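J.: Mind folding the following:
(3 chains)
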Amino acid sequence: MTAARRRAVSRRVPAAVRVIRERAVHRPIARVAVDVPLAHLDRLFDYLVAEADSAAAQPGVRVRVRFAGRLVDGFLMERVDASEHDGGLAMIERVTSPEVVVTAQVARLCRAVADRYAGVLADVLRLAIPPRHGRVEEAGWGADPAAGAAGSAPETGEGAAVRAAVPTRDAAGSDDVRPSDRGAGAGSVMPVISGLIPEAGGGWDAYVAGRAFLAALDDGRAPRAVWQALPGEDWALRFAEAARVVWQRGRGALLLVPDARDLARLEAALESVIPRADIAVLRADLGPAERYRRFLAVNRGSARGVAGARAAAFAPVRDLALVAMFDDGDDLYAEPRAPYPHAREVLAMRSAQEQTALVIGGFARTAEAQLLLRSGWARPIEPTRAEVRQCVPRIEAAGDEYATQADSAAAAARLSPAAFAAARGALDSGAPVLVQVPRRGYLPGVACAECGRPARCRRCSGPLAVRAGTRMLSCRWCGVAAPRWVCPACASQRYRATVIGAARTAEEIGRAFPGARLVTSAGEKVLDRVPAGPAVVVATPGAEPFADGGYGAALLLDGRLMLGRADLRAGEETLRRWMTAATLVRPAAAGGRVVVGTDLATPAVQWLIRWDPASAAETELAQRTELGFPPAVAMASVAGAEPVVGAALAELALPPSAEVLGPVPVWDGQFRRDGAEPVDGAHAPAGAQVPAAERVRALIRVPPADRKALAAALHVLAAARSARKDSEPLRIEIDPAELG
DNA sequence: TCAATCCGTATC
DNA sequence: ATACGGATTGAC
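T.: As a prediction, the model looks like this:
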């Protein structure tokens, strides 16, 4: 019976008749996760299954049940023989669809994610399972997973079965796993990159442990790795190659990227090594029908190479053997909806639960990734120094000195002589120049006026800020005043507030290079690529277009702005942005130059010049360990109106190790997400949001060993609040994305 | 003594 | 949200 028909029938049957439906003979009890986002209802509820529904009522299907007097959606999670519940049981109203949309693996993953982030299962299931689309489901057997760019012609069910038999074509052992870099597909799709890969030892072979990793994959083992990609690396193709290894074994791979641009690139690379029909790309901008169609294609096992952004971390890939993500430092991996899970954590949990291989890749390296290495849970895949030297452009620091000739164009644009010369040289050789300028809107912080290091609280190591309306320094985490501040690094007593909106404009920079074509990529209009040929490309971090053949030079301007932003991750983030931009530049041997306009003494500049993301991450992690920052500690944020946060803190049964910082007032934009804003764009007008003065935030930190206890305490708090219908907004976030 | 109403609590 | 149970109230 089709779902539509069953619905039609149940509508017509009067309630009195429904009540006497016979219960299922076999396992008559269903345990249901109801779609109610209340913490005190975050458990399974028992319902009776009608015999007529019994076949369809499999674990993982959507059901509709009467809950507290009203009909709600839910997922059937288990079928059991008997109920523990004392009272009477209601019958499942109907099985919405026989489609098993929550696999056992995804169910377990969602529960674990909810627990990890002190959230409720219903919220996580909503992140994991797209809304049902009835027409797609009914008509879509054999939904075309590859329905990539063009429309998707519906296929028959045989399509999926046939496809499953395909992956023997390239009958090869691990030796054949290494495709040529300039190999057919990807090369033609991404001509940019291929030219940058060194002639010798391309592919995964360019890395220590690279080949061993693929061999382990091919062996069916579950290696876990943190991968440091070479500058200019065609990471999408490397990911595709790794996916192909598991695909050839008939198993599934799940690959994540931060945004749509990277996804398009990954899709092209996948299509160059895996038949299109075996690929599903889960894009966020798809309509509900197409989104559900692709979800079903993955769920039904007809697509085994799956790519997507953060939400795809939950995709029900069949027989999953590999999960991977590129550039895990990108804040787009932090889910903005409750309970705010980070895709890196989701993948790591999934890798552990499903015994899959894991790759956390990037040009730079996060402290979180470093922690996976330090604990021995993952192993590094790194290039040799020799390989790095071959790929990296020449990098120099020009400090903050500007051109001295007052009337020169370079001086007008406040470009240092070195920066100007590098750009001029690239343009003269016919190559484009990338100019990276921080976007506006960073939270202002306080930094040492001498060495530029962020000023930190002596008590909790949180960031200092100038207290509104005064000239006093105080800690943004714990609120303590910081009179007589002295820089611990250089002993200077002078500090300065980092400025918002001092970034140079594209026009300003363009004037320094009269005659050159000026291109902007920022905010709403982000360019994917620019053609070869002389041009000045001004871009905000993250919006840098690829250049065919690589940039001749890159100028990384106003680094102090990025370094000085009041965020825990400012240093790591700045290095990541710089490195990402530098990977778009030709190798030094081909004339590629990078000039970073920040003082040579700045640690981030040192790591950039030495191109040593591993040591940078190690140092970063060591510092965070010392200062008590994530990921060395577990941190939770509790934010809301002042009395609400106060009451919550009083009520929380925290582990004894917990340290409460604050509460302190938060201001407009404190929790705004890091959306790209145009260089020239105005800062969001003050007062556009909730009156900031009334909002406060407290931070709670515990040693990693007490992470679970912290999460449990917060869940208990949330449960008590929802039970008493306490609807005053309170945002509870574990490992908050922004720690400003 | 009993029905009507209010309030708190559970929701299978 | 809605439903239910127990307590409270008011009329007979």
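J.: Look up which residues are beta-bridged to residue A:227.
T.: residue A:361, residue A:381 (DSSP bridges).
J.: wait, it sits on residue A:379?
T.: No. Contact criterion Cβ atoms under 8 Å: residue A:227 and residue A:379 do not qualify, at 9.9 Å. From N, CA and C alone the C-beta is placed, and that goes for glycine too.
J.: Going by contacts, tell me the helices and strands next to whichever strand or helix holds residue A:272.
T.: Using DSSP states H and E, residue A:272 falls within helix A:260-273. Packed against helix A:260-273 by the contact rule (3 or more Cβ pairs under 8 Å, 6 or more residues apart in numbering; DSSP states H and E) you find helix A:184-189, helix A:235-248, strand A:279-282, strand A:305-308.
J.: Show me the shaky parts of chain A.
T.: Across chain A, the ranges flagged by pLDDT under 70 are A:1-19, A:140-202, A:400-409, A:412, A:440-444, A:468-470, A:498-504, A:667-693.
J.: which bits of it sit near DNA strand B?
T.: By the rule Cβ under 7 Å from any atom of the strand, the part of chain A lying against DNA strand B is A:38, A:40-41, A:45-48, A:65-69, A:83, A:85, A:87-90, A:723-725.
J.: Now the buried members of the residues you listed.
T.: Among these, the ones that count as buried by 16 or more other Cβ atoms under 10 Å are A:40-41, A:45-48, A:65, A:67, A:83, A:89.
J.: Now the two most distant members of these.
T.: The widest separation within these, taken as Cβ to Cβ, falls between A:40 and A:48 and amounts to 23.6 Å.
J.: so which of the helices and strands packed on helix A:260-273 is the most packed in?
T.: strand A:305-308 (a mean of 28; mean count of other Cβ atoms under 10 Å).
J.: tell me the angle the helix or strand following it makes with helix A:235-248.
T.: Using DSSP H and E, the helix or strand that follows strand A:305-308 towards the C-terminus is strand A:320-326. Strand A:320-326 runs at 180 degrees relative to helix A:235-248, counting by axes from the mean of the first three to the mean of the last three Cα atoms, to 10 degrees.
J.: Could you give me the buried positions within strand A:320-326?
T.: If you call a residue buried by 16+ other Cβ under 10 Å, then strand A:320-326 has these buried ones: A:320-326.
J.: what residues are up against the residue of chain A found nearest DNA strand B?
T.: Distances between chain A and DNA strand B by Cβ to the nearest atom of the strand are smallest at residue A:68, namely 2.0 Å. Taking Cβ atoms under 8 Å, 6 or more residues apart in numbering, we find residue A:68 in contact with no residue.
J.: Tell me the spacing between it and residue A:38.
T.: From residue A:68 across to residue A:38, the span is 10 Å (Cβ to Cβ, to the nearest Å).
J.: Do I have it right that residue A:564 meets residue A:447?
T.: Yes. Between residue A:564 and residue A:447 there is a contact at 4.5 Å, judged by Cβ under 8 Å.
J.: Neighbour count: the two, which is higher?
T.: residue A:564 (27 against 24; other Cβ atoms under 10 Å).
J.: In the stretch 1-150 of chain A, what residue spans correspond to strands?
T.: A:29-34, A:45-48, A:61-67, A:70-80, A:94-100 (DSSP state E, counting those that start in this stretch).
J.: Could you do the stretch 551-700 of chain A as well?
T.: Counting by DSSP E, counting those that start in this stretch, the strands of the stretch 551-700 of chain A are A:553-556, A:593-596, A:634-641, A:659-665, A:695-702.
J.: for those, which one ends up most surrounded?
T.: strand A:553-556 (a mean of 30).
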